[in-house]
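Chemist: The following comprises the amino acid sequence and a computationally predicted model.
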Amino acid sequence: MTSRLSSFVPFCLVAFTMLNAGAVAGTSATPNVVIIFMDDMGYADIGPFGGDSTLTPNLNQLAKDGRKFTNFYVSQAVCSASRTSLLTGCYNVRVGIQGALGPKSPIGINSDELTLGELCHQRGYATACFGKWHLGSHEQFLPLQNGFDEYFGLPYSNDMWPFHPEVMHLPMEQRLKTWPHLPLIEGNKVIKPEVTADDQKLLTRQYTEHAVSFIKRNQKRPFLLYVPHSMVHVPLFVSPEFDGKSGKGLFCDVLMEIDWSVGQIVSALKESGVEDNTLVIFTSDNGPWLSYGKHAGSATPLREGKGTMFEGGCRVPCIMKWPGKIVAGSECSEPCMSIDILPTIAEMIHGTLPQHTIDGKSILPLMSGDASQKSPHDVLAFYWGNELHAVRSGNWKLHFPHQYRTLAGREGRDDGTPVKYENRQIELSLFDLASDPGETNNVAATNPEVVKELSRLANTIRDELGDGDKKGTGVRPAGRIPADR
């Protein structure tokens with residue numbers, strides 16, 4: 001057993017240590033931060049991670065100018081849970097948000113949690129969110145109440161509307177009982193109560209235009225720009241300028257427009273003279289929604305996709321660029337997670353983290369390019385719902401017995417209509433991700449000591465965060481709207 005397998009200790013950072021990685025040392029205390037957060041983008045969807053490079057020239061360039069993180073994870077392979085972890089630095093189970101919150105959900109982000117926006121406000125940053133929020137749709141949960149100065153976008157997923165495939169066979173009156181009309185929001189105001197298909201075609205372009213405007217308006221002060229795109233989540237929509245442009249189908253058209261958006265944002269940073277003082281992070285909320293066939297992406301060579309805690313569901317593409325601070329054209333294979341973004345930014349900007357426990361750890365040393373730097377995590381936890389499905393330590397990943405959904409090798413359709421998953425069961429299974437990223441070869445029987453140690457680490461996690469009916473001692477409640485609303 002290696003020293004990487006040691007006790008799980010929840011992370012509560014109240015002071016910062018000086019960064020010892022020379023490539024990032026000496027940075028401005030107020031660097032800008034741009035986070036581009038995709039929806040349902042698979043590990044292999046873009047050129048730098050094995051996708052069709054002709055579709056993503058701007059992302060290819062971002063990788064050439066920055067650093068690829070090839071073992072970057074989200075806390076849970078579904079919308080609200082993943083976004084909660086990014087914005088709070090916590091496993092979503094710690095803060096009481098799981099799954100994908102629907103329009104009628106009475107819960108959302110708790111006002112007691114510190115968000116990325118609130119962290120940056122400590123240092124006088126301008127903050128904005130343009131895109132899909134999905135941390136609760138009631139006003140108290142929206143961005144302006146949780147650390148962001150500006151907001152334009154959808155409060156939840158773009159398929160949560162009366163044109164969802166599962167209700168299209170019903171009369172509109174019946175559809176609306178399940179999925180109300182999808183609203184478009186600016187600030188706290190609904191500016192379009194019934195978003196149409198034509199409206200959705202313009203979302204990527206509108207998010208991008210808002211982002212570019214924000215950069216130009218705030219070039220003389222530090223800023224946090226969060227762009228959580230609605231795409232490539234189904235239903236897929238693309239602007240007229242990119243409709244059919246790829247010649248390879250709608251999904252590829254959408255990828256091309258996303259890549260265009262990245263190029264526009266990077267160009268705005270250059271034109272505003274702030275590129276060298278800006279960290280750009282590009283990543284995704286989870287893997288591809290495979291049941292949608294050709295309207296979904298790919299996680300090849302990883303196993304499964306969205307809705308599972310196999311690698312294809314929770315390992316996502318990640319590129320970080322920071323000229324002069326992050327080594328251009330480099331890669332990092334050390335395991336890290338979206339929960340690490342908040343404490344990393346806190347160290348960058350000399351912000352103060354909350355007194356309550358968070359789970360993320362600064363990965364500034366990993367960003368430096370120093371090959372001697374290792375993951376700050378002894379163990380990473382992978383929950384589905386409130387059940388602990390797996391843990392990773394070093395290159396080892398241990399799955400505990402659980403049910404999961406799969407297409408079992410079947411292919412989906414090509415028209416945007418999902419096919420049904422089937423349920424299967426995995427028993428206690430150990431995988432060496434260095435040699436078996438596809439999680440195909442269970443080596444538990446030949447590595448009993450590894451299984452024993454990872455099981456011990458998992459029990460410590462269960463004590464803190466719970467597992468199924470077992471309640472964790474460190475879990476905090478989600479926010480909730482008043483009972484009379």
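Modeler: Ah, there it is.

Chemist: got a list of what Glu271 touches?
Modeler: Lys216 (C-beta atoms under 8 Å, 6 or more residues apart in numbering). The C-beta positions use only the backbone N, C-alpha and C, and glycine is treated the same way.

Chemist: how near is the residue nearest to Gly50 when sequence neighbours are not counted to Gly51?
Modeler: Distances taken as C-beta to C-beta, 6 or more residues apart in numbering place Ala44 nearest to Gly50, at 4.3 Å, with adjacent residues excluded. With distances taken as C-beta to C-beta, to the nearest Å, Ala44 is found 5 Å from Gly51.

Chemist: cool, Ile36 as well?
Modeler: Ile36 is 16 Å from Gly51, by C-beta to C-beta.

Chemist: ditto for Glu387
Modeler: Separation of Glu387 from Gly51 (C-beta to C-beta): 31 Å.

Chemist: Same drill for those two, tell me which one is more crowded.
Modeler: The residue with more neighbours, out of Glu387 and Gly51, is Gly51; 23 against 18, by other C-beta atoms under 10 Å.

Chemist: And that one, how far from Phe72?
Modeler: Distance from Gly51 to Phe72, counting by C-beta to C-beta: 16 Å.

Chemist: What of Glu427?
Modeler: Separation of Glu427 from Phe72 (C-beta to C-beta) stands at 28 Å.

Chemist: Of these two, give the one with the bigger neighbour count.
Modeler: Neighbour tally, Glu427 and Phe72, criterion other C-beta under 10 Å: the higher count belongs to Phe72, 27 against 10.

Chemist: That one touches Ile339, doesn't it?
Modeler: No - with contact defined as C-beta atoms under 8 Å, Phe72 does not reach Ile339; the gap is 11.0 Å.

Chemist: circling back to that earlier point, ok, the residue nearest to Gly50 - contacts?
Modeler: By C-beta under 8 Å, 6+ apart, the contact set of Ala44 is Gly50, Gly51, Gly297, Ser298, Ala299, Thr300, Pro301, Leu302, Pro317.

Chemist: do the same with Tyr91
Modeler: Contact analysis of Tyr91 by C-beta under 8 Å, 6+ apart lists Ser75, Ser85, Ile339, Asp359, Ala381, Tyr383, Leu465.

Chemist: Report the buried members of those.
Modeler: Buried members of the contacts of Tyr91, counted by 16 or more other C-beta atoms under 10 Å: Ser75, Ser85, Ile339, Asp359, Ala381, Tyr383, Leu465.

Chemist: Filter those residues down to the ones in strands?
Modeler: Ala381, Tyr383 (DSSP state E).

Chemist: Among the buried ones among the contacts of Tyr91, name the ones in helices.
Modeler: Residues of the buried ones among the contacts of Tyr91 located in helices (DSSP state H): Ser85, Leu465.

Chemist: Dump the buried ones among the contacts of Tyr91 to a markdown table, plus distance to Thr406 and pLDDT.
Modeler: Listed next are those as a markdown table, based on distance: C-beta to C-beta, whole Å; pLDDT from 0 to 100:
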| residue | distance to Thr406 | pLDDT |
| --- | --- | --- |
| Ser75 | 21 | 97 |
| Ser85 | 24 | 98 |
| Ile339 | 27 | 98 |
| Asp359 | 28 | 98 |
| Ala381 | 22 | 98 |
| Tyr383 | 19 | 98 |
| Leu465 | 26 | 98 |
